[in-house]
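> With the input below, show me the fold.
(one chain, ligands or ions: 1)
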Amino acid sequence: MIKLYSFGPAFGVPDPSPFVMKVDAWLRMSGMPFEHISNVANLRKAPKGKLPFIDDDGKIVADSHLIINYLHKQYGSPLDEGLSREQRAMATLVGKSLDEQLYWCLVYSRWVRPDTWPLVKETFFNAVPAPMRGIVCWVAQRRVKRSLYLQGFGRHSDEEILAMTTEMFQALSDLLGDKTYFLGEKPSTLDATAYGFLCEFILSDIHNSFSERARRFDNLVRYCGRIRDEYYAS
Ligand SMILES: N[C@@H](CCC(=O)N[C@@H](CS)C(=O)NCC(=O)O)C(=O)O
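Residues are numbered from 1 along each chain as shown. Just a heads-up that it's a prediction; the model follows:
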(Lines give C-alpha, C1' and ligand atoms only; values in the text may rest on other atoms or scores of the structure.)
Protein backbone atom coordinates (compact mmCIF):
# COMPACT_ATOMS: atom_id res chain seq x y z
CA MET A 1 0.00 0.00 0.00
CA ILE A 2 1.17 3.54 -0.76
CA LYS A 3 2.60 5.22 2.33
CA LEU A 4 2.17 8.99 2.51
CA TYR A 5 4.71 10.60 4.85
CA SER A 6 3.07 13.58 6.50
CA PHE A 7 3.11 15.73 9.65
CA GLY A 8 -0.23 14.56 11.12
CA PRO A 9 -3.39 16.41 12.15
CA ALA A 10 -3.04 20.00 13.37
CA PHE A 11 -5.16 23.16 13.46
CA GLY A 12 -8.33 21.09 13.04
CA VAL A 13 -7.38 19.73 9.60
CA PRO A 14 -5.81 16.37 8.71
CA ASP A 15 -2.42 17.98 8.06
CA PRO A 16 -1.01 21.50 8.44
CA SER A 17 0.81 21.24 5.09
CA PRO A 18 -1.16 22.21 1.96
CA PHE A 19 1.20 20.00 -0.06
CA VAL A 20 0.40 16.94 2.06
CA MET A 21 -3.31 17.82 1.79
CA LYS A 22 -2.99 18.12 -1.99
CA VAL A 23 -1.61 14.57 -2.30
CA ASP A 24 -4.06 13.24 0.30
CA ALA A 25 -7.02 14.77 -1.60
CA TRP A 26 -5.68 13.54 -4.94
CA LEU A 27 -5.41 9.97 -3.64
CA ARG A 28 -8.91 10.10 -2.16
CA MET A 29 -10.44 11.63 -5.28
CA SER A 30 -8.67 8.99 -7.39
CA GLY A 31 -9.97 6.19 -5.14
CA MET A 32 -6.45 4.88 -4.42
CA PRO A 33 -5.85 3.15 -1.09
CA PHE A 34 -3.05 4.65 0.98
CA GLU A 35 -1.94 5.09 4.55
CA HIS A 36 -0.48 8.05 6.38
CA ILE A 37 2.80 7.73 8.22
CA SER A 38 2.45 10.86 10.32
CA ASN A 39 5.26 12.29 12.35
CA VAL A 40 7.07 15.58 12.28
CA ALA A 41 10.28 13.53 12.58
CA ASN A 42 9.60 12.31 9.01
CA LEU A 43 11.32 15.51 7.92
CA ARG A 44 14.63 13.94 8.91
CA LYS A 45 13.98 11.00 6.55
CA ALA A 46 12.60 13.15 3.72
CA PRO A 47 14.87 12.85 0.66
CA LYS A 48 14.45 16.55 -0.12
CA GLY A 49 14.12 17.71 3.49
CA LYS A 50 10.43 18.54 3.00
CA LEU A 51 7.10 16.73 3.30
CA PRO A 52 5.28 15.08 1.67
CA PHE A 53 7.04 12.09 0.20
CA ILE A 54 5.66 8.66 -0.57
CA ASP A 55 6.93 5.12 -0.36
CA ASP A 56 5.27 2.96 -2.98
CA ASP A 57 6.54 -0.53 -2.27
CA GLY A 58 10.11 0.73 -1.95
CA LYS A 59 9.92 3.45 -4.60
CA ILE A 60 10.41 6.79 -2.85
CA VAL A 61 9.06 9.92 -4.50
CA ALA A 62 9.25 13.41 -2.95
CA ASP A 63 7.39 16.64 -3.85
CA SER A 64 3.60 16.81 -4.26
CA HIS A 65 3.80 17.58 -7.98
CA LEU A 66 6.21 14.75 -8.74
CA ILE A 67 4.24 12.36 -6.51
CA ILE A 68 1.03 13.03 -8.43
CA ASN A 69 2.81 12.70 -11.79
CA TYR A 70 4.35 9.43 -10.66
CA LEU A 71 1.07 7.98 -9.35
CA HIS A 72 -0.81 9.07 -12.46
CA LYS A 73 1.73 7.39 -14.73
CA GLN A 74 2.01 4.28 -12.59
CA TYR A 75 -1.67 3.60 -11.84
CA GLY A 76 -3.78 5.99 -13.94
CA SER A 77 -6.54 8.05 -12.36
CA PRO A 78 -10.04 9.15 -13.33
CA LEU A 79 -9.00 12.70 -12.49
CA ASP A 80 -8.30 14.88 -15.53
CA GLU A 81 -9.89 12.40 -17.94
CA GLY A 82 -11.69 14.24 -20.70
CA LEU A 83 -10.10 17.61 -20.05
CA SER A 84 -9.15 19.64 -23.13
CA ARG A 85 -5.54 20.74 -23.68
CA GLU A 86 -6.61 24.26 -22.81
CA GLN A 87 -8.18 23.15 -19.52
CA ARG A 88 -5.05 21.16 -18.65
CA ALA A 89 -2.83 24.12 -19.42
CA MET A 90 -4.95 26.46 -17.31
CA ALA A 91 -5.09 23.93 -14.47
CA THR A 92 -1.30 23.55 -14.49
CA LEU A 93 -0.76 27.30 -14.29
CA VAL A 94 -3.43 27.93 -11.63
CA GLY A 95 -2.13 25.01 -9.56
CA LYS A 96 1.40 26.36 -9.72
CA SER A 97 0.27 29.84 -8.68
CA LEU A 98 -1.22 28.27 -5.54
CA ASP A 99 1.99 26.31 -4.90
CA GLU A 100 4.24 29.29 -5.48
CA GLN A 101 2.20 32.27 -4.26
CA LEU A 102 -0.65 31.25 -1.98
CA TYR A 103 1.78 29.00 -0.12
CA TRP A 104 3.88 31.98 0.97
CA CYS A 105 0.75 33.87 2.02
CA LEU A 106 -0.12 30.91 4.25
CA VAL A 107 3.41 30.69 5.65
CA TYR A 108 3.43 34.41 6.41
CA SER A 109 -0.02 34.29 8.02
CA ARG A 110 1.05 31.51 10.38
CA TRP A 111 4.71 32.04 11.14
CA VAL A 112 5.06 35.81 11.18
CA ARG A 113 1.80 37.39 12.34
CA PRO A 114 1.92 37.93 16.11
CA ASP A 115 -1.75 36.88 16.42
CA THR A 116 -1.09 33.37 15.02
CA TRP A 117 2.57 32.60 15.78
CA PRO A 118 1.81 31.66 19.45
CA LEU A 119 -0.58 28.93 18.24
CA VAL A 120 1.94 27.67 15.68
CA LYS A 121 4.64 27.65 18.34
CA GLU A 122 2.46 25.67 20.73
CA THR A 123 1.36 23.21 18.02
CA PHE A 124 4.77 22.44 16.57
CA PHE A 125 7.15 22.93 19.48
CA ASN A 126 5.31 21.95 22.66
CA ALA A 127 7.11 18.62 22.72
CA VAL A 128 10.51 20.33 22.88
CA PRO A 129 11.81 20.26 26.48
CA ALA A 130 11.11 23.56 28.24
CA PRO A 131 14.69 24.81 28.66
CA MET A 132 15.34 24.45 24.91
CA ARG A 133 11.89 25.49 23.63
CA GLY A 134 12.46 29.24 23.50
CA ILE A 135 15.64 29.03 21.46
CA VAL A 136 14.29 26.29 19.15
CA CYS A 137 11.20 28.42 18.39
CA TRP A 138 13.29 31.52 17.84
CA VAL A 139 15.63 29.72 15.41
CA ALA A 140 12.72 28.11 13.54
CA GLN A 141 10.83 31.38 13.17
CA ARG A 142 13.99 33.21 12.09
CA ARG A 143 14.60 30.55 9.41
CA VAL A 144 11.07 30.97 8.05
CA LYS A 145 11.34 34.76 8.09
CA ARG A 146 14.65 34.49 6.21
CA SER A 147 13.04 32.21 3.59
CA LEU A 148 10.20 34.71 3.18
CA TYR A 149 12.68 37.55 2.79
CA LEU A 150 14.76 35.68 0.21
CA GLN A 151 11.65 34.61 -1.70
CA GLY A 152 10.55 38.24 -1.74
CA PHE A 153 7.27 38.06 0.18
CA GLY A 154 8.99 39.01 3.41
CA ARG A 155 9.70 42.46 1.96
CA HIS A 156 6.01 43.39 1.72
CA SER A 157 3.92 44.96 4.47
CA ASP A 158 1.22 42.99 6.28
CA GLU A 159 -1.40 45.04 4.46
CA GLU A 160 0.13 44.28 1.05
CA ILE A 161 0.34 40.54 1.76
CA LEU A 162 -3.25 40.45 2.97
CA ALA A 163 -4.36 42.30 -0.18
CA MET A 164 -2.44 39.86 -2.43
CA THR A 165 -3.92 36.91 -0.58
CA THR A 166 -7.42 38.33 -0.96
CA GLU A 167 -6.81 38.71 -4.71
CA MET A 168 -5.97 35.02 -4.87
CA PHE A 169 -9.19 34.09 -3.04
CA GLN A 170 -11.19 36.42 -5.30
CA ALA A 171 -9.65 34.84 -8.41
CA LEU A 172 -10.37 31.32 -7.13
CA SER A 173 -13.93 32.30 -6.24
CA ASP A 174 -14.50 33.81 -9.71
CA LEU A 175 -12.97 30.77 -11.41
CA LEU A 176 -15.13 28.36 -9.42
CA GLY A 177 -18.33 30.38 -9.85
CA ASP A 178 -21.31 28.12 -9.20
CA LYS A 179 -19.66 24.97 -10.56
CA THR A 180 -19.26 21.92 -8.30
CA TYR A 181 -15.54 21.63 -9.08
CA PHE A 182 -13.13 24.02 -10.77
CA LEU A 183 -13.41 22.35 -14.17
CA GLY A 184 -17.00 21.20 -14.08
CA GLU A 185 -18.95 18.45 -12.39
CA LYS A 186 -16.03 16.06 -11.82
CA PRO A 187 -13.00 16.63 -9.59
CA SER A 188 -9.61 17.14 -11.25
CA THR A 189 -6.04 17.49 -10.03
CA LEU A 190 -6.66 21.22 -9.76
CA ASP A 191 -9.34 20.49 -7.14
CA ALA A 192 -6.89 18.44 -5.10
CA THR A 193 -4.49 21.40 -5.15
CA ALA A 194 -7.17 24.01 -4.49
CA TYR A 195 -8.67 22.01 -1.64
CA GLY A 196 -5.19 21.37 -0.21
CA PHE A 197 -4.69 25.11 0.13
CA LEU A 198 -8.22 26.35 0.81
CA CYS A 199 -8.88 23.89 3.64
CA GLU A 200 -5.89 25.35 5.48
CA PHE A 201 -7.53 28.78 5.48
CA ILE A 202 -11.22 27.90 5.56
CA LEU A 203 -11.58 24.64 7.51
CA SER A 204 -8.71 25.02 9.95
CA ASP A 205 -9.38 26.36 13.42
CA ILE A 206 -7.00 29.25 12.84
CA HIS A 207 -8.78 32.58 13.12
CA ASN A 208 -6.84 35.51 11.73
CA SER A 209 -7.50 38.14 9.09
CA PHE A 210 -6.27 35.79 6.35
CA SER A 211 -8.64 32.93 7.15
CA GLU A 212 -11.39 35.46 7.82
CA ARG A 213 -10.90 36.88 4.27
CA ALA A 214 -11.11 33.39 2.76
CA ARG A 215 -14.31 32.67 4.67
CA ARG A 216 -15.96 35.70 3.10
CA PHE A 217 -16.19 33.80 -0.20
CA ASP A 218 -19.34 31.72 0.20
CA ASN A 219 -18.73 29.54 -2.84
CA LEU A 220 -15.22 28.64 -1.58
CA VAL A 221 -16.60 27.81 1.86
CA ARG A 222 -19.30 25.59 0.32
CA TYR A 223 -16.71 23.99 -1.98
CA CYS A 224 -14.48 23.03 0.97
CA GLY A 225 -17.47 21.70 2.91
CA ARG A 226 -18.58 19.61 -0.08
CA ILE A 227 -15.17 18.02 -0.56
CA ARG A 228 -14.78 17.37 3.15
CA ASP A 229 -18.21 15.69 3.29
CA GLU A 230 -17.61 13.67 0.16
CA TYR A 231 -14.02 12.51 0.71
CA TYR A 232 -13.27 12.90 4.41
CA ALA A 233 -16.51 11.71 5.99
CA SER A 234 -15.15 8.55 7.66
N1 LIG B 1 7.50 21.65 -3.55
C2 LIG B 1 7.21 20.85 -2.38
C3 LIG B 1 7.04 21.76 -1.19
C4 LIG B 1 6.88 20.99 0.11
C5 LIG B 1 7.01 21.90 1.33
O6 LIG B 1 7.35 23.08 1.22
N7 LIG B 1 6.75 21.33 2.51
C8 LIG B 1 6.90 22.07 3.74
C9 LIG B 1 5.63 21.95 4.59
S10 LIG B 1 4.29 22.80 3.86
C11 LIG B 1 8.02 21.45 4.56
O12 LIG B 1 8.18 20.25 4.60
N13 LIG B 1 8.79 22.29 5.25
C14 LIG B 1 9.78 21.85 6.17
C15 LIG B 1 11.06 22.59 6.06
O16 LIG B 1 11.25 23.39 5.12
O17 LIG B 1 11.89 22.35 6.94
C18 LIG B 1 5.96 20.00 -2.64
O19 LIG B 1 5.18 20.35 -3.56
O20 LIG B 1 5.78 18.95 -2.00
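
> what about the longest helix anywhere in the chain and the ligand, touching?
Longest helix in the chain by number of residues (criterion: DSSP state H): helix 130-151. No: shown here: helix 130-151 not in contact with the ligand (C-beta under 6 Å from any ligand atom), separated by at least 7.6 Å. C-beta: built from backbone N, CA, C; applies to glycine.

> what's that helix packed up against?
helix 103-111, helix 117-125 (3 or more C-beta pairs under 8 Å, 6 or more residues apart in numbering; DSSP states H and E).

> Identify each buried residue in the next helix or strand after it, please.
Downstream of helix 130-151, the first helix or strand assigned by DSSP states H and E is helix 158-176. The neighbour-count criterion (16 or more other C-beta atoms under 10 Å) identifies 161, 162, 164, 165, 166, 168, 169, 172, 173, 176 as the buried residues of helix 158-176.

> pLDDT wise, what is residue 32 at?
If you check residue 32, the pLDDT there is 97.

> Am I right that it sits in a helix?
No: with DSSP: H, G, I helix; E, B strand; the rest coil as the criterion, residue 32 is assigned coil and is not in a helix.

> quick one: it and residue 23 touch, right?
No: with contact defined as C-beta atoms under 8 Å, residue 32 and residue 23 do not form a contacting pair (10.4 Å).

> The chain against the ligand: which residues are in contact?
Close to the ligand, as judged by C-beta under 6 Å from any ligand atom, the chain has residues 17, 19, 43, 49, 50, 51, 52, 63, 64, 65, 99.

> Lowest pLDDT pick from those residues?
Lowest confidence among the residues of the chain next to the ligand: residue 43, with 93.

> Pull the number of nearby residues for that residue.
13 (other C-beta atoms under 10 Å).

> for it, what are its contacts?
49, 50, 51 (C-beta atoms under 8 Å, 6 or more residues apart in numbering).

> ok, the first one - contacts?
Pointing back at residue 49 there. Counted by C-beta under 8 Å, 6+ apart, residue 49 has contacts residue 43.
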